[in-house]
Each structure stands twice: as structure tokens, then as C-alpha cells.
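In: Quick one, fold the following:
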Amino acid sequence: MGILSDHDPVETREWVDSLNAVVQYQGVERARYLLGKLRDEAALIGARPPFTATTPYRNTIAPDKEEKSPGNRDIEHRIRSAIRWNAVAIILRANKESSELGGHIASFQSGASPDYGGDLIYVQGHVSPGIYARAFLEGRLTEQQLENFRQETEGKGIPSYPHPWLMPDFWQFPTVSMGLGPLMAIYQARFLKYLDGRGLAETEGRKVWAFLGDGECDEPESLGAISLAGRERLDNLIFVINCNLQRLDGPVRGNGKIVQELEGIFRGAGWNVIKVLWGSAWDKLFAKDNNGLLLQRMEECVDGQYQDFKSKDGAYVREHFFNTPELKALVADLSDEEVWKLNRGGHDPFKVYAAYAAAVKHKDQPTVILAKTVKGYGMGEAGEGQMIAHQAKKMKLDALQQFRDRFQIPIADKEFEEMAYIRFADDSPEMKYLKERRAALGGYLPQRRRKSTALAAPPLSNFERLLQSSGEREISTTMAFVQMLGTLVRDKTIGKHIVPIVPDESRTFGMEGMFRQLGIYSAVGQLYKPQDADQLMYYREDKSGQVLQEGINEAGAMSSWIAAATSYSTNDMPTIPFYIYYSMFGLQRVGDLAWAAGDMRCRGFLLGGTAGRTTLNGEGLQHEDGHSHILASTIPNCVSYDPSFAYEVVVIVRDGIRRMFEQQEDVYYYITLMNENYPQPAMPADAEERIVRGMYLFQDGGKGKGPRVQLMGSGTILREVIAAAELLKSDFNVNTDVWSVTSFNELRRDGMSAERFNLLHPTKARRKSYVESSLEGHPGPVVAATDYMRNFADQIRGHIPRRFITLGTDGFGRSDYRVKLRRFFEVNRHYVAVAALKALADDGELKAEVADQAIRKYALDSERPDPWTV
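Out: Take a look at the predicted model:
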């Protein structure tokens, strides 16, 4: 639609005057109602109004509607100035000799306006120097810690960005993997509502604040879940987007306006949008602008121009922004310096305070504050508004002096060389004020709780039925887990703490019974009669529902899991989340969130369902997982298991509850589950500890004469290993011991620990790894087969001082029957048997012709291409 022209300005003026009169005499709500009726009527008669997703390019809150800050303006200015200086000093002192350590001066300077002490804060990652600077001023960090910024290996320094793993009493949320902070904040806010709805915690009035940059909004994760926030009316959520118009290399939207773009996106998703574009110095100019020419000029300038204006000086701005006689007349009584001081809204503490105050009071919608700032604000020629601002790690002397003078920082010229930190005396007005305000707001931020109420793990006997043989009845490990989960949610001690999470796959995993039993959480309950209402297990939504059903949304489900897995810290209310999903769509899809979960010291369970390359037989290449355990091994505090039997699942989950919620260890568990049904054996005596450690003897081959081989397996492939043992005995009289390896990853970590001890203690007795000591007294080569890539089992090669052969499912998956897939990937019983015979032949225990005989006997194609190449 083209731009509409005004053919009758007089009539237009009458309409506008009428609207103003309604507002004056009947109020804003009446005016909104009339405008809505006019809009509806226009649509009915075919005069649909032109679509606009944005409002004019000026502040949302009019000057006369701004809530005034009750704070002491002068003291707050001195505190902010000291924080600015300390933030710069942290970076400059760290890079005094070289720029190797890095750091970001400009990011904090663009966002350095007073912040509000919200309940949970997702700090923009690159502004960490400013947060440290404030904490130092408050006495929470020492000068030695600041001096060792980005120098952490000796335990004296502080990390470059927010990392709870590295500062577990300080940072709550890792946010510097851009896009994850906003996403996690949304689900954190929703989880607070969930806790309140279930009566687990009082969260009314608490806010979740997410501070992010405009460039960060290009990350799909940043905006990918904002519709959920709008749909669920998360009025406990506030985004503050630092719109300095610049990303690392150049403008965010050089040819457009990022503020307007974001406003349209958020308004469309149902958010309350507050724009803070222009500082108080502009208010008089707007009041003098009777013809709207100033706003028109603001609308027509693009962000590339705004960046250019702020990289120059007042004379340049007068010439190129106020570029008409009418506009120049607006600033005729201002000097070039005063023109230059026409600041942006994000740097005006009064405008920012008014926006924050309005956001806190807003109901039934999440709020986003779009604060327009300048990248490198105050850095002058060292980086203010310049393309190189993000990379700036040094400032020249004259730039530092200008910075000092601009913000009235009490630093003498002679102190520049040492870049002394500013700290107020304990009895100074500034320190007293700072402490009083923090006390009034409930304490210092950020800070993190490390321990919460301990939850006792239920005794193993509670799951006795799953520890016994299932007889002829065939069940999958997924079904065993669901039965165990049903027992857990009924537990009188920890049942209410269980949080089941699914991404639209409950029926796949046999969890639909929980729909009615527990209910699916919904902020509005259930406003409809479900289609299956006449069924026993009907789809029930409830305000106090226990299940989080996230739809086809793994990133969102993972973010909900993270919120639940850190609830012990953020809410002092431990919850035990179980997130079950197709294993292929877990760590591969949300690996960055899984890494952040480790950093955040999450405690909970990830369940990779339908796991294994050959076990999910009909879905094909995209669904068949052969590497999730390898991905899990990259996360230091992710404890992963690939159990074969129901009793293994029970032992592992119970021990996880013990470690994470009774002992309060900062680990989380990844457990793979299969959808293949088979008879479940009873748990061997005294196997519990060995199951947890990662390996136990499942089947002893006895004392028979002849060659012997050690066979290892995990997951469903253990059953192929057991079958191979029978073939080896019946067809070749080879004795076998069969080992169930519940965790190659844990065996590897144990082996690395032993290896390191031996390296650093050369004069002490050699320490043996758990796998090596377990194999003592069990001679012969070792063959390990899994439903994962070979390097999954290969991880323990260095800890087995004998011949070690691995079989795995390297390559792309495909659809077929399980028996055919296992033959294709060469992990079935026949390949295990041949691998054992070949290993024995290589050890001189058998002739090579025996292995060749087996290849022919089992009709294996020795000339087919490598399976990982086809």
C-alpha cells in the first residue's frame, strides 16, 4: 500500500481534536475503545486501516507521564561514574602489556545506566566488567580478583563472562553464547508461574530480567520463543534490549531501523513495548517542534546515519542531522557542545527509570524496553559510535582524560599510569547510600545459592518389581523408566518435586497415562472439552498440572528443563526434572544449551528415548542416533549411561537422585532408553555399585578349557553380545565372559583419573583403572559392541592393557528391520563372534582359518564397502 496523502487537513484536524477531547474528558480507555470500534467498522465496510506494526520514532512514555526516580541524583551519578571507571580500568590493566587477554570496554559503556534489582537477571554477557566493577565498589570482590580478570587457572581471578561454574556464589546464568539468555529467560519466567500454579513456591511479584543487545536479536534463539511469552501473558518477564545500533563488524541495520523492526516483532507477539530513544535534553526540542519536522527527520534517518552522527561532533550533527532551516532554527540557541550532549534515551537515568517503573507495573503482558544507546559511550575517539568499538581494549591518554572529565570521575592525571580503581570509604555518603539501596531492594545482585533443601532418594526396594525378571513378558527400557517415574510421582516425599517434560512425544514413550493422573500445566486451565474426554487417559490441562508439554520444540523443552534443574538455586525449591525426547533431537540439536546447563550446575535427568542407530528401526537417517553419548562425553559434569535392562535403569536413576538431590552434587544425567521389547532379567546379586561405576560381569563363562574372550556390550546391542557368546561356545568351543557396560563415558573418566595419578606420582605404586581391575582374572582379548560409533567404546582403549576390538554403527542411519540394520552396520551377533575369533587368532590362541570359517558360516560379505561410506 502506498503512502496516503491528506486531501482535507481541516477535517483531519477535527478528527484529531475530537480524539484529544475524548482523552481529556473521558480518559484513555474510552479513547482506546472508540478506536477499536472504528477499526472494526472500517474492516466491515471495506475501508480496512493501513497496517502498521510500529509507533512513531520517539519515546513511548511522554515526559509528563514519566514516573520520577526517588533516588539522590548526585550520589547516583558519582556511583555510576565510579563503576564506569572501574570497568574501563579492569580491561586496560588486564591488557596493559598486550591484548592477549581481551575484554570489551564498549559493550558496558553503551549499557551503563542504573539497573533495577529484579529477582532474576540474565546479564548481557559482554558487560561483565561493569558488573564486576559494581561488585568491587560494593566490597563483594577484591582488587586482586579484578587484577586477575581473565586469569583464572591459579584460582585467584574472575572469568571473562558470566559463568556459574567458575563463580558459583556470584553468577546465576551463562549468557555470552548469544541468544541463549533471552530464550532461557522466557522459560524461566514461565517456570516461576508453573511453581506458583502448583503451589510449590510463592512467585507472585518476582520478575525475570533479560538484558541483551540488538545485534544478539539476529540469533534465532533470541526471538524464537517470544510468542510463548505473549501467549502465556508472562507479565513477570522484562527484556531490556541495548540498541546501540552496532554489532561486531558494523551496523545492525545500517539501511533501516533496528528499534522499529524489533518493536513490530514484539508487538506482533503480544508484548508491551516501551521505547526509550531520546534523553531529556530532547524534550524541549520536541515541545518547540510544532510542525512535526523533528520527528519526520528522525523517522527518515537510518541507523547507519545515526551511528555516523555519534562518531563525529556537535558541529557535524548540526550540519547533517538538523539539515533544513526549520530544523536548524530548533537548535539555534544551542552551542555545538550542547548539540553534542543531546543524548540518547538509554543513557538518561531518568528516562530509563521511568521505563523500568512502567514495565514493573504492567500487567498481563511481558514487556520489552528498547533502549537506544551509543556503542562505546564516553570513549570518544577510542571507540564511541565507531565500527571498531567492540574490539577496543585500549584507550589513549587523551581519550581517558576526556572520559574522566565527561563523567566527572575523581581521578588525577598522575593516577592514569597506574589506572587506580575507585572505591568509596565505608563511611562515605556514596557507600552508605549504595548499601541502603541494596538492602531496601533485598540484597546484592548477582548472587547465587549453592545449596537447598536435600531430598532423600527412595530406597531401591520401592522398585522391587522392576528389579525382578519379567519372565516371558517383554518390555522396553523406556517402559521400565515410565513405570519407575509413575512410582516416583506417587512418592510422598519427593513426588511433588518431580517435573516430567516432553516435547509432544508422550504417547511415543507411553506416558499418556500421566495426562489425567498429573495434568498438563496450563496457565488458563482447560477452556475446552477434549476430544478424548470419554477415555480413561484423556488429555487434561490444568493450572496446577505437573507435566510440561512443550510441543514440537526441543530448545524450549530444554530451557524448561534448565529452569527446573536450577530451581534449587534460583528458588530454593529443588525440583527433579525428567525430560524425555527422541535422542537424536537432544544433544545434537540443543548442544549449546546442554553445555550451558553444565555451566549452570543443573541437576536433573535427560532421557534420550528411541536411542541407538539400529534400534529405532523405521525412521531412518535423521532419527537414528549413533553419537549422542559421544556428545555427552564432551560436557564435564554430564553423567551418561546406556543401560540394557530395566534394573539398570532403576539403579542409575535412583543413584542420580541420591547424588544430585540428597548429596547435592552439581552434575546432571543423560540416560538413553530403547523402544525394543524383550524379556528383562533379574538384577544379579551385588551388582548395584558396579552398575553405577559403569561396568559389571553379567555372565560368567565358567572354568571351561580352551580359548577365552571378554565380550562387552551396552544398550540393546548387549543382547547381540550375549547371543554371540552362545554362538562362540556352541560353534567354536570358545569360552566367554559377558560384561554389561552401562557407561563407557564414566569408565573413560575413571581411567583418565588413574592415568593422571600415575603420571604425576612416578614413584608410587601404579593405580589401576576400574575397567582394568575388573578384568583381572578374566583372560583373553576384549571385544566391545555398541549401537553407537566405534569411538564411543574406543574411549577406554588406553585403559585395557590387552588386545581390544570395537564394533560400532559409524555412518548415516537408514530404515529397515532391526535385524537387517545390525547386519548392515556389522554389530550383530555374527560380527561380534567373528571379531572375537579374529582377536584370538591375532593372539595366537586360534588359527586365522577359524575366523575365516566363521565368516563363511555366517554368510558375511567381506568385500562390501565400509558401511560408513554408503
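
In: looking at this structure, which helix or strand is least sure?
Out: When each helix and strand of the chain is scored by mean pLDDT, DSSP states H and E, helix 105-111 comes last, with a mean of 43.

In: which element follows it toward the C-terminus?
Out: Toward the C-terminal end, the helix or strand that comes next after helix 105-111 (DSSP states H and E) is strand 120-122.

In: Verify the stated contact: Leu616 with Gln622.
Out: No. The pair Leu616 and Gln622 fails to qualify as a contact (Cβ atoms under 8 Å) at a distance of 10.5 Å. Glycine gets a C-beta too; all of them are placed from N, C-alpha and C.

In: So for these two, which residues contact both of them?
Out: For the pair Leu616 and Gln622, residues contacting each of them under the criterion Cβ atoms under 8 Å, 6 or more residues apart in numbering are Met584.

In: neighbour-wise, which of those two wins?
Out: The residue with more neighbours, out of Leu616 and Gln622 and counting by other Cβ atoms under 10 Å, is Leu616; that gives 25 against 10.

In: what's that one in contact with, if anything?
Out: Listed by Cβ under 8 Å, 6+ apart, the contact partners of Leu616 are 582, 584, 610, 623-625, 675.

In: mind checking the SS state of it?
Out: Taking DSSP: H, G, I helix; E, B strand; the rest coil as the rule, one finds Leu616 in the coil state.

In: ok, it to Thr672 distance?
Out: Plainly put, Leu616 is 11 Å away from Thr672 if you go by Cβ to Cβ, to the nearest Å.

In: Find the residues that touch each one of these two.
Out: Looking at what touches both Leu616 and Thr672 (by Cβ under 8 Å, 6+ apart), the common residues are Asp625.

In: so how many other residues sit close to Trp674?
Out: Slight slip there: residue 674 is Met, not Trp. The burial metric for Met674, expressed as a neighbour count using other Cβ under 10 Å, is 26.

In: Show me which residues of stretch 536-551 are buried.
Out: Neighbour counts over stretch 536-551 (16 or more other Cβ atoms under 10 Å) mark 539-543, 545-550 as buried.

In: Just give me how far that stretch sits from the chain centre.
Out: 24 Å (Cα atoms, centre = their mean, to the nearest Å).

In: Other residues contacting that stretch?
Out: For stretch 536-551, with Cβ under 8 Å, 6+ apart as the criterion, the contacting residues are 194, 197-199, 489, 498-504, 506, 512-516, 518-526, 530-532, 556-557, 560, 564.

In: quick one: which of these sit in strands?
Out: Judged by DSSP state E, the contacts of stretch 536-551 include 498-502, 520-521 as members of strands.

In: Just name the closest of those to Gln296, please.
Out: Proximity to Gln296 was ranked across these by Cβ to Cβ; first place goes to Tyr521, at 48.5 Å.

In: ok, back up a step: ChimeraX command for the buried members of the contacts of stretch 536-551?
Out: Per 16+ other Cβ under 10 Å, the buried members of the contacts of stretch 536-551 correspond to this ChimeraX selection:
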select :194,197,198,489,498,499,500,501,502,503,506,512,514,515,516,518,519,520,521,522,523,526,556,557,560,564
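
In: Tell me where the longest helix sits in the chain.
Out: Longest among the helix segments of the chain by residue count, using DSSP state H, is helix 73-94.

In: Looking at stretch 516-535 now, give me its mean pLDDT.
Out: Stretch 516-535 shows a mean pLDDT of 92 in the predicted model.

In: swap that for stretch 176-187, sorry
Out: Here stretch 176-187 scores 95 as its mean pLDDT.

In: how much distance is there from it to the middle of the chain?
Out: Stretch 176-187 has its average C-alpha position 6 Å from the chain's average C-alpha position, going by Cα atoms, centre = their mean.

In: first vs last residue of stretch 540-560, how far apart are they?
Out: The first and final residues of stretch 540-560 sit 20 Å from each other (Cα to Cα, to the nearest Å).

In: Ok, stretch 263-280 next?
Out: The first and last residues of stretch 263-280 sit 22 Å apart, counting by Cα to Cα.

In: Strands of the stretch 401-550 of the chain, start to end?
Out: Chain-ordered strands for the stretch 401-550 of the chain, with DSSP state E, counting those that start in this stretch as the definition, fall at 474-475, 498-502, 520-521, 541-542, 548-549.

In: ok, the second one: who's next to it in the sheet?
Out: When you say that, I think you mean strand 498-502. Next to strand 498-502 in the sheet, as set by DSSP bridges, lie strand 548-549 (parallel), strand 576-582 (parallel).

In: Nearest approach to Gly130 belongs to which of the ones you listed?
Out: In this view, the strands paired with strand 498-502 are compared for proximity to Gly130 by Cβ to Cβ, and strand 576-582 is the closest at 32.9 Å.

In: Pull the distance from that closest one to the chain's centre.
Out: Distance, centroid of strand 576-582 to centroid of chain: 16 Å (Cα atoms, centre = their mean).

In: Would you mind identifying the next helix or strand past it?
Out: Downstream of strand 576-582, the next assigned helix or strand under DSSP H and E is helix 591-599.

In: which sections of the protein are below the confidence cut-off?
Out: Along the chain, the model assigns pLDDT under 70 to residues 1-4, 94-118, 376-397, 416-417.

In: Report the contact partners of the residue most central in space within it.
Out: Residue closest to the mean C-alpha point of the chain, counted by Cα atoms, centre = their mean, is Leu593 at 4.0 Å. By Cβ under 8 Å, 6+ apart, Leu593 lies in contact with 180, 183-184, 555, 558-559, 562.

In: who's in contact with the residue nearest to Glu624 when sequence neighbours are not counted?
Out: The spatial neighbour of Glu624 that comes closest, neighbours along the chain excluded (Cβ to Cβ, 6 or more residues apart in numbering), is Gly813 at 2.8 Å. For Gly813, the set of contacting residues under the criterion of Cβ under 8 Å, 6+ apart consists of 613-614, 619-626, 821.

In: 6 Å - rerun?
Out: 613, 621, 624 (Cβ atoms under 6 Å, 6 or more residues apart in numbering).

In: returning to that earlier point: which pair of the ones in strands among the contacts of stretch 536-551 spans the longest distance?
Out: Of all the pairs that the ones in strands among the contacts of stretch 536-551 form, the one spanning the most space (Cβ to Cβ) is Ile498 and Ile520, at 14.3 Å.

In: you'd agree Ile422 is up against Trp85?
Out: Yes. Taking Cβ atoms under 6 Å as the definition, Ile422 is a contact partner of Trp85 at 5.5 Å.

In: ok, back up a step: return the closest of the contacts of Leu593 with respect to Leu728.
Out: For Leu728, the nearest member of these is Met558. The distance, counting by Cβ to Cβ, is 43.0 Å.

In: Could you measure from that closest one over to Ala594?
Out: Met558 sits 7 Å away from Ala594, going by Cβ to Cβ.

In: Which residue of the two possesses the greater neighbour count?
Out: Each of Met558 and Ala594 has its neighbours counted (other Cβ under 10 Å); Met558 has more, 31 against 24.

In: Kind regards, and thank you for your time.
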